[in-house]
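> sequence first, predicted model second:
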Amino acid sequence: MAFPTETVYGLGANALDEEAARKTYAAKGRPSDNPLIVHIAEYEDLKQIAVDIPASAKVLAGRFWPGPLTMVFKKDAKVPYGTTGGLDTVAVRMPSDLVARELILASGGFVSAPSANTSGRPSPTRAEHVEEDLSGKIDMILDGGSVEIGLESTVLDMTVDPPVILRPGAVTVGMLEKVIGMVGIDETVLGAENGKVPKAPGMKYRHYAPNAKLTIVEGNIREEVLAIRQLVYDAVNHGKKAGIIATGETLHYYSNGVIKVVGSREDERTIAKNLFAVLREFDGEGVDEIYSESFAMRGIGNAIMNRLDKAAGHLRLPAAEIVRRQKYRRIVFVSQSDTCRGPMAAAILRQKRFRQEYVIDSRGMVVLFPEPVNPKAEAVMRSNGMTLGGYTSIPFSETEIADDILVLTMDEAQKHKVFAEYEEAVSIYTLNEFVGEDEPLLNPYGMPLNIYGLCYENISMLMDKLTKKLNSYTEGEG
């Protein structure tokens, strides 16, 4: 039966019964060399199932039990090899969840309990997650609501000196070392796979995986956001549905794809609690690809990245490589008052298909207060299936000056004014100059409506040329 703990929901069975272990593996579809954790409710019960218990174990239990710490010991003969995955060691934990404690006491004191999900899937943090995976395969689900922590327990191997973390969790290496001194970290925690028989769950095989392909994008946070934006833009352009694992701090930087906020970088415990639930939510969205930001490898961040890495099958992309391929990321059209040609050009360009994502804006050199677009410009745009309704002029400022921003002015006068007012200005061209067009851009100000129509056609032709030029850029060129 499935039951809640403070970490994730567990799939409970009699830890001292070989047949119960077999049924557990069958229900989960779990490889039988992946050991199960034995859950106890009293410290004295540890002595019935483990031998050669070091003195440091009692110290750790006094500090972290009940709680999200599993310790690995040499097993007593009464613990069947079915429970330990064929090993001579046994993993033991004392959960703090009151429902779990009462269940353990009521059922004899020794409950083997891996996470209550289909093997390889994200671990369950709510009863409905268990039902999704195991409905019809187990006898009962105890619904205790949403769990407190959201990641499985820390697993610490006590059969070696110094003890070694086999799986990171909410009890961090720093917390352990404050109590018992030096603690090692198994190489698999850092992402390396090997052929060793695993001493703890989650050390082998792909774990925690959503249905879609998951990729971790690594770099500083700015690089990660820019790279994920581009990767999702590419996916959407190829007809795929892409998901983004974002944080509360980065949400507003994304516009494409299915965006899920996993928590806040200010409190990574929120990320730990929500991670598995978010991975499952993407399955419901039917996404083809998922891109995740990375998190700092310290404290509980180690546990978060360990789970993400295994869910992604160790698939990581360096953000800097993707960002480096992009010559420009933003295009700003500059006109005198930002009420006609600039907004028209921006609106037309946004309709084009690009090989990379661009933020496209327009600004004015002389904007004393926000003004709506010229009515004749709006009439021409509407006749061509677009609108500038609701747009009001925005003044040009220093925020439009950067190495990756392409500034395109309508006339030479605006170009010279930008250079005169902003000494650090780079990548400033007239629109005609940049696309290689000799004829100056038509200015319809004060002219009849048909001249505005000619201006629209002029701008449309230039936008076709601009699109072709932007799409011709490749890494190292331009």
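Thanks, I have it.
> quick one: least confident helix or strand in this protein?
helix 319-324 (a mean of 91; mean pLDDT, DSSP states H and E).
> okay, it in PDB with CA atoms only?
Provided in PDB are the C-alpha atoms of helix 319-324 (Å, rounded to 0.1, in the frame of the first residue of the first chain):
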ATOM      1  CA  ALA A 319      24.300  28.000 -22.400                       C
ATOM      2  CA  ALA A 320      27.400  30.000 -23.600                       C
ATOM      3  CA  GLU A 321      27.700  28.000 -26.800                       C
ATOM      4  CA  ILE A 322      24.100  28.700 -27.800                       C
ATOM      5  CA  VAL A 323      24.300  32.400 -26.800                       C
ATOM      6  CA  ARG A 324      27.600  32.900 -28.700                       C
END
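> buried residues, it. List them.
Ala319, Ile322, Val323 (16 or more other Cβ atoms under 10 Å). The way it works is simple: take the backbone N, C-alpha and C, and place the C-beta from them, glycine included.
> between those, which sits nearest Arg298?
Nearest to Arg298 among the buried residues of helix 319-324 is Ala319, at 19.3 Å by Cβ to Cβ.
> how about that closest one, what does it touch?
Residues in contact with Ala319, defined by Cβ atoms under 8 Å, 6 or more residues apart in numbering, are Val217, Glu218, Gly219, Asn220, Glu223, Glu224, Leu226, Ala227, Ile228.
> most surrounded residue in those?
Counting neighbours by other Cβ atoms under 10 Å, Ile228 comes out on top of the contacts of Ala319 with 28 neighbours.
> any idea how far that residue lies from Ile271?
Counting by Cβ to Cβ, to the nearest Å, the gap from Ile228 to Ile271 is 16 Å.
> break this protein down into its domains, please.
2-171, 213-324, 330-472 (automatic domain parsing).
> pLDDT weak spots in the chain?
190-206, 474-478 (pLDDT under 70).
> 80 instead?
Within the chain, the stretches with pLDDT under 80 are 30-33, 188-207, 473-478.
> just to be sure, Asn471 is in a strand?
No: read with DSSP: H, G, I helix; E, B strand; the rest coil, Asn471 is helix and lies in no strand.
> count the neighbours of it for me.
The burial count for Asn471: 13, using other Cβ under 10 Å.
> quick one: contacts for it?
Phe354, Arg355.
> roughly how far apart are it and Phe419?
27 Å.
> got it, and Leu60?
Distance from Leu60 to Phe419, by Cβ to Cβ: 67 Å.
> give me the more crowded residue out of the two.
The neighbour comparison of Leu60 against Phe419 (other Cβ under 10 Å) goes to Leu60, with 20 against 12.
> give me the three-state assignment for the more buried one.
helix.
> hang on, isn't it packed against Met71?
Yes: taking Cβ atoms under 8 Å as the definition, Leu60 is a contact partner of Met71 at 6.7 Å.
> now do the shared contacts for the two.
Common neighbours of Leu60 and Met71 (Cβ under 8 Å, 6+ apart) are Leu156.
> can you give me the strands in the stretch 301-450 of the chain?
Assigned by DSSP state E, counting those that start in this stretch, the stretch 301-450 of the chain shows strands spanning 316-318, 330-335, 359-364, 405-409, 428-430.
> between these, which gets nearest to Pro168?
Going by Cβ to Cβ, the one of the strands of the stretch 301-450 of the chain nearest Pro168 is strand 316-318, 17.4 Å.
> can you give the strand pairings for the closest one, parallel or anti for each?
Note on strand 316-318: by DSSP bridges, its sheet partners are strand 213-218 (parallel).
> what sits against the residue lying closest to Leu226 once chain neighbours are set aside?
Using Cβ to Cβ, 6 or more residues apart in numbering and skipping residues adjacent in sequence, the residue nearest Leu226 is Val323, 5.0 Å away. The contact partners of Val323, by Cβ under 8 Å, 6+ apart, come to Gly219, Glu223, Leu226, Ala227, Gln230.
> how about Ala379?
Leu449, Tyr452 are the contacts of Ala379 under Cβ under 8 Å, 6+ apart.
> what's the answer for Leu349, then?
Applying Cβ under 8 Å, 6+ apart, the residues near Leu349 are Ile331, Ile360, Met463, Leu466, Thr467.
> and it, how far is that from Gly109?
70 Å.
> pretty sure Val171 sits in a helix.
No: counting by three-state DSSP, Val171 falls outside a helix, being coil.
> how many residues are close by it?
Val171, neighbours per other Cβ under 10 Å, totals 23.
> wait, it touches Pro66, no?
No: using Cβ under 8 Å as the test, Val171 is too far from Pro66 to be in contact (11.9 Å).
> for the residue nearest to Lys213 when sequence neighbours are not counted, name its beta-bridge partners.
The shortest distance from Lys213 to any non-neighbouring residue, by Cβ to Cβ, 6+ apart, is to Glu289 (5.2 Å). Beta-bridge pairing for Glu289 (DSSP bridges): Lys213, Ala242.
> contacts only, for Glu289.
So Glu289 contacts Ala212, Lys213, Leu214, Thr215, Leu231, Ala235, Lys240, Lys241, Ala242, Gly243 (Cβ under 8 Å, 6+ apart).
> what of Ser123?
Here Ser123 is in contact with Val8, Tyr9, Ser115, Asn117, His129, Leu151, Glu152, Tyr208, Phe276 (criterion: Cβ under 8 Å, 6+ apart).
> what pairs with the third one across the strands?
Note on Ser115: beta-bridge partners by DSSP bridges are Gly10.
> where's it relative to Glu152, distance?
6 Å.
> likewise the fourth one?
From Asn117 over to Glu152 the distance is 11 Å, taken as Cβ to Cβ.
> these two: who's more crowded?
Higher neighbour count among Asn117 and Glu152: Glu152, with 30 against 27, using other Cβ under 10 Å.
> Three-state assignment for that one, please.
Strictly by three-state DSSP, Glu152 counts as coil.
> where does it fall, phi/psi-wise?
Phi and psi for Glu152, reported as degrees, to the nearest 10, are phi -60, psi 160.
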